[in-house]
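K.L.:
Okay, predicted coordinates and the sequence, questions at the end:
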Amino acid sequence: ATIKEQHIAKPPAPKAAAPKKKAAGAAPQEMEAEEFVKPPLAAMLNTFDFESVARETMEPQAWGYYSSGGDDEITLRDNHMAFQRITMRPRILVNVREIDMRTAFLGASAS
């Protein structure tokens, strides 16, 4: 064969998640890589929520390709305009049959 194994490109090995700081005063040896936990689908309110999850779960090269536009970025702009036309079912006024408007201020009833 004319093509040798060393000439065939192989995909890069997956990288480990970047370490995230737990607290401002934490020692460097206490820092651990936290794996991103996807929120439940019911918590996604708009397309920007889906985009932020994609940013955390995709490989950096794949995210760079997906999130950028080539040359004049016409397709990127068209995609943003198309997704702006999508409306999702809002979760407002859910279960408001019995509302308790009582409140307390500094431990005293303010209603």
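P.N.:
Yes, it's here.

K.L.:
from here on, contacts and neighbour counts on C-alpha atoms
P.N.:
Noted.

K.L.:
which residues of this protein score low on pLDDT?
P.N.:
Applying pLDDT under 70 to the chain flags the ranges 1, 16-33, 70-71, 111.

K.L.:
Strands of the protein, start to end?
P.N.:
For the chain, the strands defined by DSSP state E occupy 104-105, 108-109.

K.L.:
Tell me the strands beside the first one, with direction?
P.N.:
By that I understand strand 104-105. strand 108-109 (antiparallel) (DSSP bridges).

K.L.:
Give me the contacts around the partner strand.
P.N.:
For strand 108-109, contacts defined as C-alpha atoms under 8 Å, 6 or more residues apart in numbering pick out 102-103.

K.L.:
that older thread, can I get the strands of the chain in JSON lines with mean neighbour count?
P.N.:
Formatted as JSON lines, the strands of the chain follow (neighbours: other C-alpha atoms under 10 Å):
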{"stretch": "strand 104-105", "mean neighbour count": "8"}
{"stretch": "strand 108-109", "mean neighbour count": "8"}
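
K.L.:
Ok, which of the ones you listed comes nearest residue 79?
P.N.:
Closest of those to residue 79 is strand 104-105, at 47.6 Å (criterion: C-alpha to C-alpha).

K.L.:
and the closest one, how far from the chain's centre?
P.N.:
Centre-to-centre, strand 104-105 and its host chain are 36 Å apart (C-alpha atoms, centre = their mean, to the nearest Å).

K.L.:
In stretch 39-52, which residues are buried?
P.N.:
For stretch 39-52, burial by neighbour count (16 or more other C-alpha atoms under 10 Å) applies to no residue.

K.L.:
ok so, going back, could the strands of the chain be laid out in a markdown table, adding distance to residue 57?
P.N.:
Shown next, in a markdown table, are those (distance: least, C-alpha to C-alpha, whole Å):
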| stretch | distance to residue 57 |
| --- | --- |
| strand 104-105 | 42 |
| strand 108-109 | 46 |
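
K.L.:
of all those, which lies closest to residue 90?
P.N.:
In terms of C-alpha to C-alpha, the element of those nearest to residue 90 is strand 104-105, at 29.4 Å.

K.L.:
What distance do you get for residue 77 to residue 104?
P.N.:
To residue 104, residue 77 is 49 Å away according to C-alpha to C-alpha, to the nearest Å.
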